[in-house]
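Student: fold the following.
(chains A and B)
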Number of protein chains: 2
Amino acid sequence: MSTFTSEIFQTETMTVPGGTETILRGGRDLFPLLPDALHGVRRIGVLGWGPQGRAQAQNLRDSLAGTEVTVSVGLRPGSASADDARTHGFTEDNGTLGDWLAVAAESDLVILLIADAALAAEHEKIFAVLKPGATIGLSHGFLLGHLKAIGSGFPAGHPVIAVCPKGMGDSVRRLYQQGATVNGAGINASIAVHADPDGHATDRALAWSVGLGSPYTFATTLQDEYRSDIVGERAILLGAVHGLVEALYRQFRLDGADPVTAYERSTESITGPIARTISRSGLPAVRAALSEAEQELFDRAYSVSYGPAREIVAEIYDEVAEGTELRSVILAEQRLTSRPMSRIGGSTMWSHSAEVHTRRGTTPAAIDPLTAGLFLATMMAQVDEFADRGHAWSEIVNESIIEAVDSLLPYMHARDVAYMVDNCSRTARLGTRRWGPRFQAAYEQIALPAVDTPADPTLIKGFLDNPAHEALAAAAELRPSVDISVA
Amino acid sequence: MSTFTSEIFQTETMTVPGGTETILRGGRDLFPLLPDALHGVRRIGVLGWGPQGRAQAQNLRDSLAGTEVTVSVGLRPGSASADDARTHGFTEDNGTLGDWLAVAAESDLVILLIADAALAAEHEKIFAVLKPGATIGLSHGFLLGHLKAIGSGFPAGHPVIAVCPKGMGDSVRRLYQQGATVNGAGINASIAVHADPDGHATDRALAWSVGLGSPYTFATTLQDEYRSDIVGERAILLGAVHGLVEALYRQFRLDGADPVTAYERSTESITGPIARTISRSGLPAVRAALSEAEQELFDRAYSVSYGPAREIVAEIYDEVAEGTELRSVILAEQRLTSRPMSRIGGSTMWSHSAEVHTRRGTTPAAIDPLTAGLFLATMMAQVDEFADRGHAWSEIVNESIIEAVDSLLPYMHARDVAYMVDNCSRTARLGTRRWGPRFQAAYEQIALPAVDTPADPTLIKGFLDNPAHEALAAAAELRPSVDISVA
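Tutor: Presented below is the predicted three-dimensional model:
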């Protein structure tokens, strides 16, 4: 579903490869429309105070300030997050902080942002206390996947909608704050309407998305969202990046580079100049920025890694679509009750983070052609796999490119890649650890040993002429240019 | 089920940690008993001519030579294996080579040794042509797992038995041939009786096992066999070894070793002196062979890698037991119809195989203490996980230790590790590629960076006092000492 209609907002038609998509351009000028668009929702309850809960609760409260719509946060008894929520103005005293089930029971829109494992275990308790006709809100499709896996479903009579920001919670808040000075700055989001008993579900989803600060909102289905979201974080957004930099760091070291140089040519090149170039000028600009000799190496690197990367992306997609990946996550959660997950941040490369970061002012990293070839091949492998599986172009470029270069890579640039893996959501963390090593092995055992093979002109043409560039350009026009920083 | 009774063979009771197991000692002196033990089976049909089919058909034919029991081979129309079967004496002319369904239809014992994917796709055709009361024979539990996954089962009225050699097909044939001069040489096997409508299934399984040349036969269930077999090949038998040598080779290179030395300290040390020492003298002998300073490094290496390895073995076990691993294999088989599996033998290390092999005569590799610590920790992680999950001790030590040191590692020593992965069964190959990189990442990102941490005395004591050593010693007494060679 890439088309939708609104009674409140002025939608636009965006030209994408092979057709059009309906989209809604965001901006603070639309905030006055939010109460009407919410169609009777006067209390919004955000359950959970993880990165998304924390960002969304604040953004919605700020966007709805001065209206009769209130935003409350609901936490489980004894939640360690309560103090932080209070610090950010959600307090029992002003009636915007309470027990999760109490908040769920009094809200007209209940946004479920607790951890996946908690959602899997506790959704029935939440469903049981909902007001008649209250809207169920999700920010990704995990719960749908879980309900299907256990042969269950959403309760009848309730609108079920999703608004899925294509970026991590920290970015959702930070870019929203930039929107105070640059109207329309924010993180793009998809919406999905899964159940619409009263006919107003689409407008409520659009209001929620605009309230989060989305520069533009596009439509998908909960199933497509779930698949692209879970696959994306296992591939180019997290898993593949981690596997890639582990492989490249060792490769550069074995080729004689000192640790700092090896770090700069692998991780730093991706999280710095490659991400910035894509964000500002698109994917072909990365190759165009290289000298002729470097382009030749880029082409060879691209050619040997596209196939092995595509093979793994296809495997991940199958596992997610068929439900095995989700069952594996649930099995892992059960093991974690008796044995905590080990951390991976001890890998040698990360001990050089501080030194590399210090050099940024004086010796900024360049685009390394080998690194760029492998990274862009993997990104395009995901783009092409999503296109073959029939995803909307807005979803493809947001989930494969924009989320990477405007949200996750800047965060990795500020911290490091392993730190991010060790500190992201459990589902993403488990997925990264399952699939990152697969990408690493494919680069080490298949791609890199063959990198002296002449480039494949068909693959390079497939890259340069890829319809994704047109879709990315169309999406880029909808977002004002802001500098992405991470505190 | 670790006990059984026989009407024909003289069983023994073997003392194992915490109890006893019934076993049958093999040997060529028992061959005259085989026709009686087969209880009416006069035609044995072996379907498939992969490594197991080829070994089992020849061994059974040789063991039953001069009796009224015939062994035939059944192949699918147009099978590329027909010529090789004819070369080994199975021909249309002498009535021992035919179409697989025709052979299945005329046999009293039908041994299913076609590839897993073919078995999954075609088992109903085979079941449909069986003679009334014909015995269905398996050599591992894959089909049971598949039938459960699709909600199906074996046809009623047929005995269903498994004889599962704890070694690759090449070893099953090679060690059987050594048995001509050293009575009792061979590869141990487990038996499982899954259905026994006429009460003679156990004796038929024992006869089949003795006919294959098993030094000793122990009992398990099809489910336990399936789990330990599939987990074992993904862990210490193939996947973990591959991940380990990839990690260690790079580590030694990064520490300054030249490629040949790095190869010798990693792969060669495991497939050569470590495997030989375990085969002859058990696991603690590997540590005892080291100097005091080397033992200290061994202990540190063991301590940092046992936990991460155990974490992955437990994950694999869950995935196999819950069926997700099997579903992943089936999804992979479907992708392979449109896209062949890439090979991994191009990884840099293997380009030095020839040189390392040449040096064996003059400069044989020693036991490297770091390599030994990681390898033995991983082996014990599998042993302990299997013990916790309730497997019989014979199954534990055969599937975790004996199969490794007496079958797979000698083969890897003759070829190399990646060659073996690229050339083993599809289920094993897919599994190795799924899990090998996970072990590699755990060694690289968790174990090796922490190797300077003082050893954990509890873990080292757990190794030295492990009940597996007693079980391994009991098993070793049942097998004559032969030198394991690979042509």
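
Student: how about A:Val129: what's its closest non-neighbour residue?
Tutor: Among residues not flanking A:Val129 along the chain, A:Ala105 sits closest, at 4.2 Å (C-beta to C-beta, 6 or more residues apart in numbering or on different chains). Heads up, the C-betas are built off the backbone N, CA and C, glycines and all.

Student: what helix or strand is that neighbour located in?
Tutor: Using DSSP states H and E, A:Ala105 sits within helix A:100-106.

Student: pull the residues that contact that helix.
Tutor: A:43, A:45, A:47-48, A:72-76, A:110, A:114, A:125-126, A:129-131 (C-beta atoms under 8 Å, 6 or more residues apart in numbering or on different chains).

Student: now it: buried residues?
Tutor: A:Trp100, A:Leu101, A:Val103, A:Ala104, A:Ala105, A:Glu106 (16 or more other C-beta atoms under 10 Å in any protein chain shown).

Student: what pairs with the helix or strand just after it, parallel or antiparallel?
Tutor: The helix or strand immediately downstream of helix A:100-106 is strand A:109-112, counting by DSSP H and E. Within its sheet, strand A:109-112 is paired with strand A:43-47 (parallel), strand A:135-138 (parallel), according to DSSP bridges.

Student: what does the stretch 351-487 of chain A put close to chain B?
Tutor: A:418, A:433-434, A:436-438, A:440-442, A:444-446, A:449-450 (C-beta under 8 Å from any C-beta of the partner chain).

Student: now those: which count as buried?
Tutor: Buried members of those, counted by 16+ other C-beta under 10 Å: A:418, A:433-434, A:436-438, A:440-442, A:444-446, A:449.

Student: just put these in JSON lines and tack on secondary structure.
Tutor: Listed next are these as JSON lines, based on DSSP: H, G, I helix; E, B strand; the rest coil:
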{"residue": "A:Ala418", "secondary structure": "helix"}
{"residue": "A:Arg433", "secondary structure": "helix"}
{"residue": "A:Arg434", "secondary structure": "helix"}
{"residue": "A:Gly436", "secondary structure": "helix"}
{"residue": "A:Pro437", "secondary structure": "helix"}
{"residue": "A:Arg438", "secondary structure": "helix"}
{"residue": "A:Gln440", "secondary structure": "helix"}
{"residue": "A:Ala441", "secondary structure": "helix"}
{"residue": "A:Ala442", "secondary structure": "helix"}
{"residue": "A:Glu444", "secondary structure": "helix"}
{"residue": "A:Gln445", "secondary structure": "helix"}
{"residue": "A:Ile446", "secondary structure": "helix"}
{"residue": "A:Pro449", "secondary structure": "helix"}
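
Student: for A:Thr358, find the nearest of the strands paired with strand A:109-112.
Tutor: For the strands paired with strand A:109-112, the distance to A:Thr358 is smallest for strand A:43-47, at 38.9 Å, taking C-beta to C-beta.

Student: which outside residues touch the helix or strand just after that closest one?
Tutor: The helix or strand immediately downstream of strand A:43-47 is helix A:51-63, counting by DSSP H and E. Contact with helix A:51-63 is made by A:28, A:31, A:34, A:44, A:46-47, A:49, A:71, A:73, A:81, A:84-85, A:88-90, A:96, A:111, A:113-114, A:139, A:165, A:168-170, A:172-173, A:176, A:208, A:210-213, A:425, as judged by C-beta under 8 Å, 6+ apart.

Student: of the residues you listed, which belong to helices?
Tutor: If you go by DSSP state H, the contacts of helix A:51-63 have A:Leu34, A:Asp84, A:Ala85, A:Gly169, A:Asp170, A:Val172, A:Arg173, A:Tyr176, A:Trp208, A:Val210, A:Gly211, A:Leu212 in helices.

Student: what's the lowest-pLDDT member of those residues?
Tutor: Note: of these, the lowest pLDDT belongs to A:Asp170, at 89.

Student: spatially, what comes nearest to that residue if we skip its sequence neighbours?
Tutor: Nearest residue to A:Asp170, sequence neighbours excluded (C-beta to C-beta, 6+ apart): A:Pro51, at 5.8 Å.

Student: repeat for A:Gly232
Tutor: Spatially, and ignoring its direct neighbours in sequence, A:Gly232 is nearest to A:Glu399 (4.4 Å; C-beta to C-beta, 6+ apart).

Student: which pLDDT value goes with that neighbour?
Tutor: Reading off the confidence values, A:Glu399 has pLDDT 95.

Student: wait, doesn't it sit right on A:Glu385?
Tutor: No: between A:Glu399 and A:Glu385 there is no contact under C-beta atoms under 8 Å: 11.3 Å.

Student: so the two - more neighbours on which side?
Tutor: The neighbour count for A:Glu399 versus A:Glu385, taken as other C-beta atoms under 10 Å in any protein chain shown, is higher for A:Glu399 (30 against 23).

Student: what's near enough to touch the more buried one?
Tutor: Applying C-beta under 8 Å, 6+ apart to A:Glu399 gives the contacts A:Lys166, A:Ser228, A:Asp229, A:Gly232, A:Leu237, A:Phe386, A:His391.

Student: give the buried residues for stretch A:271-281.
Tutor: Of the residues in stretch A:271-281, A:Thr271, A:Gly272, A:Pro273, A:Ile274, A:Ala275, A:Arg276, A:Thr277, A:Ile278, A:Ser279 count as buried by neighbour count, 16+ other C-beta under 10 Å.

Student: what of stretch A:114-125?
Tutor: A:Ile114, A:Ala115, A:Asp116, A:Ala117, A:Ala118, A:Leu119, A:Ala120, A:Glu122, A:His123.

Student: what's the answer for stretch A:169-181, then?
Tutor: Here stretch A:169-181 shows A:Gly169, A:Asp170, A:Ser171, A:Val172, A:Arg173, A:Arg174, A:Leu175, A:Tyr176, A:Gln178, A:Gly179 as buried, counting by 16+ other C-beta under 10 Å.

Student: one step back: which among the contacts of helix A:100-106 end up buried?
Tutor: Applying 16+ other C-beta under 10 Å to these flags A:43, A:45, A:47-48, A:72-76, A:110, A:114, A:126, A:129-130 as buried.

Student: of the ones in helices among the contacts of helix A:51-63, closest to B:Gly346?
Tutor: A:Asp170 (40.3 Å).

Student: so the closest one touches A:Leu408, yeah?
Tutor: No: the criterion here is C-beta under 8 Å, and A:Asp170 misses it with A:Leu408 at 10.0 Å.

Student: what's the distance between the residue with the largest distance to the centre of chain A and chain B?
Tutor: Taking C-alpha atoms, centre = their mean as the measure, the residue most remote from the mean C-alpha position of chain A is A:Gly256, 35.7 Å away. Distance, A:Gly256 to chain B, by C-beta to the nearest C-beta, to the nearest Å: 11 Å.

Student: likewise for A:Val417?
Tutor: Separation of A:Val417 from chain B (C-beta to the nearest C-beta): 11 Å.

Student: surely that residue is in contact with A:Ser266?
Tutor: No: when contacts are counted by C-beta under 8 Å, A:Val417 is not listed as touching A:Ser266 (9.5 Å).

Student: any residues in contact with both of those two?
Tutor: Common neighbours of A:Val417 and A:Ser266 are listed as A:Val245 (criterion: C-beta under 8 Å, 6+ apart).

Student: now stretch A:82-98: buried residues?
Tutor: Judged by neighbour count (16+ other C-beta under 10 Å), stretch A:82-98 contains these buried residues: A:Ala82, A:Ala85, A:Arg86, A:His88, A:Phe90, A:Thr96, A:Leu97, A:Gly98.
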